[in-house]
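Novice: My questions concern the predicted model and sequence given below.
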Amino acid sequence: MILLKLFWAFLKIGLFTFGGGYAMIPLINAEVVGAGWLSEEGLIDFVAVSESSPGPFAVNIATFVGIRTAGILGGVTATLGVAFPSFIIILIVARFYEAFKSSRTVQGIMTGLRPCVVGMIAYAFHTVAVTLFSNLGHGMTTVTNIEFWFAAVIFAVSLILVLKKVPPIAVIVLCALAGIIVGYVFGI
Amino acid sequence: MNRNLKLFLTFLKIGAFTFGGGYAMIPLIEREAVDKNKWIAKEDMLDITAISESTPGPIAINSATFVGYRVGGFWGAFLATLGVCLPAFLFISVISFIYDSFYETRIVRYAFMGVRAAVLALIVKALVSMYIACPKSLLSYIIMILSYFAVAFLKLNVFITILACAVIGLVYSLIAGRRGHDIT
């Protein structure tokens, strides 16, 4: 049943998410895009929507995928799924707080997980870059392609803005405007 | 006002005003839970942050549950978590229903064409931040490179890779601990 599938998929995502929203992208790719609930481009686009919306990325994407797959009940189920592991684990950890803090087992696990998060975000970069640059021009990838150069330029400009701590929403809005202008001017 | 109700409303506010992810929420939680309501001591924020980052799940939910539990036990945790999720849920629900009709329009397609490149840039920023925050050691470099390689080129299952890294970290620490080496 679809509700069960949604709950289980987002439960897994919630359980294996460490290090923030972007590290979730490979997990979401595996579970959500893999199940056909969202396309790769759809996921990338939604990351931007989530950055411009209130609340955690996890809740945003769970609600979005849940509702589009199975209505409001789907949204509730998916969100419950993604929040459930956190809730339970934190309750336990908060109770045994001191032991958790000084646990060598936990520290040991974290020495493995922290670099893993870096690897996962690197993979998120990998998949998004591939999707972005290979799906341009409706299948064309030649370097004379306007869309390719546009994407490259926008990426470079965005990178500079973002590293200079311009708020993400501002960068997203600027890039949206740039896309609209270039789209209409070049009649893509 | 009942403390748990205050907790719920506070996290409702936090959830409504946090854009762009859990890390952005931490200063807001500090302002509300530490400064305004004095539910938590400032020193504890560091612990809360560390624990929220070291446990599975979204940081936003982890920290809300944690603070909620500290302030009001189980129900405090429940109400804080519910509060932090609700604005996002409601907002995205509305978006979900009108998404498709907007998505198909030309202007929105063009907009997303630009936005996707921005998302890539945001990922780079997250990558850089995480890299900087990650304690450096031979082990961590090896895991960074191997985990990426495994999922990107060997197409290893992401979940398995994460589990493997956790196990490797644990085993290494136990071995290094035995030998009296410094674990970074």
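Specialist: Received it, and whenever you're ready, just let me know what you need. Quick caveat, the model's predicted, so the values are computed rather than measured.
Novice: For the residue nearest to the spatial centre of chain A, give me its contacts.
Specialist: Residue closest to the mean C-alpha point of chain A, counted by C-alpha atoms, centre = their mean, is A:I25 at 4.1 Å. For A:I25, the contacting residues are A:43, A:47, A:120-121, A:123-124, A:127-128, B:123, by C-beta atoms under 8 Å, 6 or more residues apart in numbering or on different chains. All C-beta atoms are positioned from the backbone trio N, CA, C, and that covers glycine.
Novice: On the three-state scheme, it is what?
Specialist: Following DSSP: H, G, I helix; E, B strand; the rest coil, we place A:I25 in the helix state.
Novice: separation between it and A:A151?
Specialist: Going from A:I25 to A:A151 by C-beta to C-beta, to the nearest Å gives 18 Å.
Novice: pLDDT score assigned to the residue nearest to the centre of chain A?
Specialist: According to the per-residue confidence, A:I25 scores 94 in pLDDT.
Novice: Where do the helices of chain A begin and end?
Specialist: Taking DSSP state H as the criterion, chain A contains helices spanning A:2-16, A:25-28, A:40-51, A:57-95, A:97-102, A:104-134, A:146-163, A:168-186.
Novice: Now tell me which helix or strand of chain A has the poorest mean pLDDT.
Specialist: The element with the least model confidence among the helices and strands of chain A, by mean pLDDT, DSSP states H and E, is helix A:97-102, at a mean of 84.
Novice: near chain B at all, that one?
Specialist: Yes. Judged by C-beta under 8 Å from any C-beta of the partner chain, helix A:97-102 and chain B are in contact via A:97, A:100-101.
Novice: got the buried residues for that helix?
Specialist: Buried residues in helix A:97-102, counting neighbours by 16 or more other C-beta atoms under 10 Å in any protein chain shown, are found at A:97, A:100.
Novice: for stretch B:80-100, same thing?
Specialist: Within stretch B:80-100, the residues that qualify as buried by neighbour count (16+ other C-beta under 10 Å) are B:80-89, B:91-93, B:95-96, B:99.
Novice: for chain B, longest helix please?
Specialist: In terms of residue count, the longest helix belonging to chain B (DSSP H) is helix B:59-103.
Novice: Now do that one: which elements does it pack against?
Specialist: If you count contacts as 3 or more C-beta pairs under 8 Å, 6 or more residues apart in numbering or on different chains; DSSP states H and E, helix B:59-103 packs onto helix A:57-95, helix B:3-17, helix B:22-29, helix B:42-54.
Novice: same thing but 10 Å
Specialist: In terms of contact count using 3 or more C-beta pairs under 10 Å, 6 or more residues apart in numbering or on different chains; DSSP states H and E, helix B:59-103 is assigned the packing partners helix A:40-51, helix A:57-95, helix A:97-102, helix B:3-17, helix B:22-29, helix B:42-54, helix B:106-133.
Novice: Can you give me the distance of A:T79 to chain B?
Specialist: The gap separating A:T79 from chain B is 6 Å, by C-beta to the nearest C-beta, to the nearest Å.
Novice: ok, for that residue, nearest residue in space, not its chain neighbours?
Specialist: Beyond its immediate neighbours in the sequence, the residue positioned closest to A:T79 (C-beta to C-beta, 6 or more residues apart in numbering or on different chains) is A:A62, lying 4.5 Å away.
Novice: burial of the one you found, as a residue count?
Specialist: The number of residues packed around A:A62, counting by other C-beta atoms under 10 Å in any protein chain shown, is 34.
Novice: Return the set of buried residues in stretch A:179-186.
Specialist: A:179-180, A:182-183.
Novice: from those, which are also near chain B?
Specialist: Residues of these in contact with chain B (C-beta under 10 Å from any C-beta of the partner chain): A:179-180, A:182-183.
Novice: mind listing what B:L9 touches?
Specialist: Applying C-beta atoms under 10 Å, 6 or more residues apart in numbering or on different chains, we find B:L9 in contact with B:1, B:79, B:83.
Novice: redo that, cut-off 8 Å
Specialist: Taking C-beta under 8 Å, 6+ apart as the definition of contact, the neighbours of B:L9 are B:G83.
Novice: now do the one 3 residues further on
Specialist: Residues in contact with B:L12, defined by C-beta under 8 Å, 6+ apart, are B:83-84, B:86-87.
Novice: now these in a markdown table, with pLDDT?
Specialist: A markdown table is the format used below for those (pLDDT from 0 to 100):
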| residue | pLDDT |
| --- | --- |
| B:G83 | 96 |
| B:V84 | 95 |
| B:L86 | 97 |
| B:P87 | 96 |
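Novice: Can you list the low-confidence ranges for chain B?
Specialist: Across chain B, residues meeting the criterion (pLDDT under 70) sit at B:21, B:180-184.
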